[in-house]
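Visitor: here are the coordinates; sequence isn't available:
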């Protein structure tokens, strides 16, 4: 068994530096790598490019990095819910590349699985396809989209083991599995870190080969963006 | 919940006919859809094209269909271990298309996920790439491979529920998940068919949306091709 | 004239037994409340869940179980969770039978614009471009005219497109229309709405053939 | 001169701490028996398992747990199972550090042929084409000459290729060679084998620079 455990978030993020490109898992605030984001704020590195489906809210998630003006460019499918984001984008401080959500997921998976590019119908005939190669297959039009290239992937899982194997919970899975192994170094933070052999090999969502470093995360807030409930009557 | 259960293998295979293309899961004899294969023999349909990583052995798996001369064409990555196969191939009765194993898996996954084709480095510079489009990305050469088109997928899972959700066991998983939803109709046979709600939504390998029919399989032989053991001393 | 719930209720009648359905944010979300309970339908949310149920009871919210609108949800028996690549595999691979979403504009050829207004803050297309590029059956739920009273059913979209030639049906506060090769074909009038009112409110080509029935309520 | 186990033993020394390794059928499979036990290595089998262990004890064979050679196996703590698309994602995405496989021919430019002999029954390439097209580090384990005594290390392969310019190292019964831009660079002699014997047995360009050490045993 190849051991991937590191002591803490500080060790886990060794090697990050200004100007790098990061992938960050999560959908809204669900399943985001809270510890890694906090550490990026602490380290104060600048000019980051973030590949992340969303951009957090003003005071949480990637919003924390936006507050400190650490992000140079966001690559996302949806960036609402964030006033500071809007201010920086409209003022030209922040570069934004909007990508269809399924294309974003597959550009990560392509990087993970060694595909240089892929054809998707999403965005054909729209400004997303401008300047990109398009092509017809079986009478339908597709856009060629290249795989992402990133320096680090930061993902959050529910359970993990020393070998780097990961299991996600509910819809906190989202982009996290697609980003594992999609960057040069994948850092996984987990709610529960277990000895190798604790997880059923049949139930693992992401094999440890896709993860370089894993650590026990701390103090998860797991904020809810839209608390919707029904009455019990 | 959309119910996918059918009473038995007979109902499950309704609509199969001469000349169709089938995907069949399994690696060697591990994880093959034993019940579906037996029913195809019973039905006696002819001129089948089979997409399957292997071709079974003389007296089991797809070998049973070969014995009855039901297969017109095999699309596989490896077809050893089968004398009747060899005889039919050398005599020209059987058409064989050999495809690299990873390409085979991805051609199924592409069909499942709506990708018309993909670029893979496998087979570049070999006869597998002859007549196919090749292309350079980042200094490396790739071959364009189209998604498969098939009429039925026959897969075998360990546990399944009424909603068509599937969980596979060990290396009997192999090509089975990639073939789900990759044909017009996917038929899953399972060792254990359970009511909806019995499986943890977090542990499902293949969501029921990729499966049209599911049934309780019977009398699994689960033959071992190479029984290798070590002594207990 | 229909209100938002009325539009949702009418669209719910388009949901057939055995359908997997993806509901967009806004009016489409309301559709789930009106689907007949004698048919089997499963709702997919593109953030990675199939078999969504109602909102949780108070105190039972789980931060790890949300829909694409980031709302806390529950799951029903037979549900499953999966990653985003698999989720869009379901959508791109046309395993989802029906997509219902809102729009700012729909053109008579089925083009749709619903993600960007030049000069305003652009929040992004989310999964909309994937959904409209892939779904075989797309129904748009929207008001017939915008706040300025201008038609949202146009000859050509004026806003940046989300997808081309993809919308199959439009249900508005005034009417139900099918998108055909020849333009918007009027199928039903909303209660109390005349054909003339619909004609006036529709900028794109509207085909009115024979008697147009009033929507069943 | 090395026997098959000797070749496997020598190749085992190329396996470094932290490596994920894919072993082909034949001599490569034997490599697992000789890897130092003070380093951490995981074996991947392309049919869908990572963290393979030894064969099971008699009576504990599980038909659902096999390797790519269809042999019954066990798994070690930290193991995982996955589908074939994911498995080749590991391979194509270069997450597997080292691939060891057999060959019929290797050319001085790193081309490899190991799947087809024209006129004979062709069993197929299995996963070999994916492995050689993707792996960053490929070591070939084979006899230096074929049964007819002809060199298997050639200027150009005569058999249909499995992959082009991909082999990094070759370990045979006679020698260890690195594939360089200029040809096969002789690194080590097998015990009791002279440089001349290797030169004679090698048809492709062999670079002999300085003193060639005998392999450590």
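Guide: Structure's in. What do you need? Predicted model only: the values in this text are computed from it and were never measured. Numbering: from 1, shown residues only, chains lettered A, B, ... in the order given.
Visitor: hey, where'd the helices end up in chain A?
Guide: Remark: helices assigned in chain A by DSSP state H are A:9-12, A:34-43, A:63-67, A:83-90, A:101-113, A:176-179.
Visitor: Pick the most buried one from those helices.
Guide: helix A:176-179 (a mean of 31; mean count of other CB atoms under 10 Å in any protein chain shown). For glycine as for every other residue, the C-beta is placed from the backbone atoms N, C-alpha and C.
Visitor: Is there any residue in that helix that contacts chain D?
Guide: No. Using CB under 8 Å from any CB of the partner chain, helix A:176-179 never reaches chain D; the gap is at least 9.9 Å.
Visitor: Which parts of chain A are strands?
Guide: For chain A, the strands defined by DSSP state E cover A:21-24, A:48-51, A:71-76, A:95-98, A:117-120, A:134-137, A:140-146, A:152-161, A:166-167, A:185-194, A:213-216.
Visitor: Helix, strand, or coil at residue C:198?
Guide: helix (DSSP: H, G, I helix; E, B strand; the rest coil).
Visitor: right, and residue A:40 touches residue A:52 too?
Guide: No. Judged on CB atoms under 8 Å, residue A:40 makes no contact with residue A:52 at a distance of 12.0 Å.
Visitor: Comparing the helices of chain A, which yields the minimum mean pLDDT?
Guide: Across those, helix A:83-90 has the smallest mean pLDDT, namely a mean of 89.
Visitor: which secondary structure elements does it contact?
Guide: helix A:63-67 (3 or more CB pairs under 8 Å, 6 or more residues apart in numbering or on different chains; DSSP states H and E).
Visitor: Show me what the helix it packs on is packed up against.
Guide: Short answer (3+ CB pairs under 8 Å, 6+ apart): helix A:63-67 packs on helix A:34-43, helix A:83-90.
Visitor: right, so of these, which gets closest to residue A:116?
Guide: helix A:34-43 (27.5 Å; CB to CB).
Visitor: could you give the angle of that closest one to strand A:71-76?
Guide: In terms of direction (axes from the mean of the first three to the mean of the last three CA atoms, to 10 degrees), helix A:34-43 departs from strand A:71-76 by 160 degrees.
Visitor: any idea of the angle helix A:34-43 forms with strand A:152-161?
Guide: Using the same axes, to 10 degrees: helix A:34-43 against strand A:152-161 is 140 degrees.
Visitor: ok, how many other residues are close to the residue nearest to residue A:93 when sequence neighbours are not counted?
Guide: Nearest in space to residue A:93, with sequence neighbours left out and distances taken as CB to CB, 6 or more residues apart in numbering or on different chains, is residue A:69 at 7.1 Å. When neighbours are counted by other CB atoms under 10 Å in any protein chain shown, residue A:69 registers 13.
Visitor: in chain C, which spans are helices?
Guide: For chain C, the helices defined by DSSP H cover C:4-12, C:27-31, C:84-92, C:128-134, C:195-201.
Visitor: Residue D:97: which of these is closest?
Guide: Across the helices of chain C, residue D:97 has its closest neighbour in helix C:84-92 (24.6 Å, CB to CB).
Visitor: touching chain D at all, that closest one?
Guide: No. Using CB under 8 Å from any CB, helix C:84-92 stays clear of chain D, coming no nearer than 10.8 Å.
Visitor: Return the residues in contact with the closest residue to chain C within chain A.
Guide: Nearest to chain C in chain A, going by CB to the nearest CB, is residue A:102, at a distance of 3.0 Å. Going by CB atoms under 8 Å, 6 or more residues apart in numbering or on different chains, residue A:102 touches A:120, A:122, C:46, C:84, C:85, C:87, C:88, C:91, C:92, C:127, C:129, C:130.
Visitor: By mean pLDDT, which helix or strand of chain A comes out lowest?
Guide: helix A:83-90 (a mean of 89; mean pLDDT, DSSP states H and E).
Visitor: So what touches that helix?
Guide: Contacts of helix A:83-90 (CB under 8 Å, 6+ apart): A:55, A:58, A:63, A:66, A:67, A:69, A:74, A:79, A:94, A:96, C:121.
Visitor: what does stretch C:170-185 give?
Guide: With contact meaning CB under 8 Å, 6+ apart, stretch C:170-185 is reached by C:1-3, C:6-7, C:10-11, C:14, C:103, C:106, C:108-110, C:139-144, C:152-153, C:167-169, C:186-190, C:193, C:197-198, C:201-202, C:204-207, C:209, C:215.
Visitor: need the strands of chain A in CSV with mean neighbour count, can you?
Guide: Formatted as CSV, these follow (neighbours: other CB atoms under 10 Å in any protein chain shown):
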stretch, mean neighbour count
strand A:21-24, 26
strand A:48-51, 23
strand A:71-76, 21
strand A:95-98, 16
strand A:117-120, 23
strand A:134-137, 13
strand A:140-146, 19
strand A:152-161, 28
strand A:166-167, 25
strand A:185-194, 22
strand A:213-216, 22
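Visitor: closest one to chain D among those?
Guide: strand A:152-161 (6.3 Å).
Visitor: and the direction of the closest one versus that of helix A:101-113, what angle?
Guide: Using the same axes, to 10 degrees: strand A:152-161 against helix A:101-113 is 80 degrees.
Visitor: from the middle of its chain, how far away would strand A:152-161 be?
Guide: Averaged C-alpha coordinates place strand A:152-161 at 10 Å from its chain's average position (CA atoms, centre = their mean, to the nearest Å).
Visitor: what's the angle from it to strand A:185-194?
Guide: Going by the same axes, to 10 degrees, strand A:152-161 makes 20 degrees with strand A:185-194.
Visitor: Which elements pack onto strand A:152-161?
Guide: Using 3+ CB pairs under 8 Å, 6+ apart: strand A:152-161 touches strand A:21-24, helix A:34-43, strand A:166-167, helix A:176-179, strand A:185-194.
Visitor: at 6 Å instead, please
Guide: Other elements packing on strand A:152-161 under the criterion 3 or more CB pairs under 6 Å, 6 or more residues apart in numbering or on different chains; DSSP states H and E are strand A:21-24, strand A:166-167, helix A:176-179, strand A:185-194.
Visitor: Just the mean pLDDT for that strand, thanks.
Guide: For strand A:152-161, mean pLDDT is 98.
Visitor: and if you look at stretch C:19-33?
Guide: 94.
Visitor: what's the span of that stretch from first residue to last?
Guide: 15 Å (CA to CA, to the nearest Å).
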